[in-house]
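1. mind looking at a prediction? Sequence and model below.
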Amino acid sequence: MTRIRETVLISESILKDIICDCCGVSCLDSTGINYEYLNSTASWGYGSSRDGDEWNYDFCEGCADEFLNWLESRKSALERIKNQNW
């Protein structure tokens with residue numbers, strides 16, 4: 001009796017690390033188990049000056065905190081200007 005075996009090659013993709021796009025450090029936490037990061041994605045639509053562009057950034061926790069603080073301060077400054085009827 002002839003045995004027939006069929007094999008299939010399975011290719012696997014394993015995440016090795018997530019590197020911060022701002023400072024270049026690993027986003028892996030001190031336990032070496034979890035990734036602590038902010039992922040920001042933008043898809044620019046039809047008619048914009050960036051029509052069809054796709055942006056994708058990963059920020060470590062430190063850079064994410066700095067970015068979000070900057071964003072909040074910018075938002076607060078714009079609100080103050082708006083309230084002064086500029």
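-> Received it, and whenever you're ready, just let me know what you need.
2. pick out the residue nearest the middle of the chain.
-> Asn39 (2.3 Å; C-alpha atoms, centre = their mean).
3. can I assume it sits in a helix?
-> No: assessed by DSSP: H, G, I helix; E, B strand; the rest coil, Asn39 does not belong to a helix; its assignment is strand.
4. just to check, it is in contact with Cys60?
-> No: here Asn39 does not reach Cys60: they are 11.3 Å apart, not a contact under C-beta atoms under 8 Å. (C-beta placed from N, C-alpha, C; glycine too.)
5. show me where the chain has strands.
-> For the chain, strands defined by DSSP state E occupy the ranges 37-43, 54-60.
6. out of those strands, which one sits most buried?
-> Most buried of the strands of the chain by mean neighbour count (mean count of other C-beta atoms under 10 Å) is strand 54-60; its value is a mean of 15.
7. tell me the strands beside it, with direction?
-> Its sheet considered, strand 54-60 pairs with strand 37-43 (antiparallel) by DSSP bridges.
8. the partner strand - what's its average pLDDT?
-> The pLDDT scores in strand 37-43 average 94.
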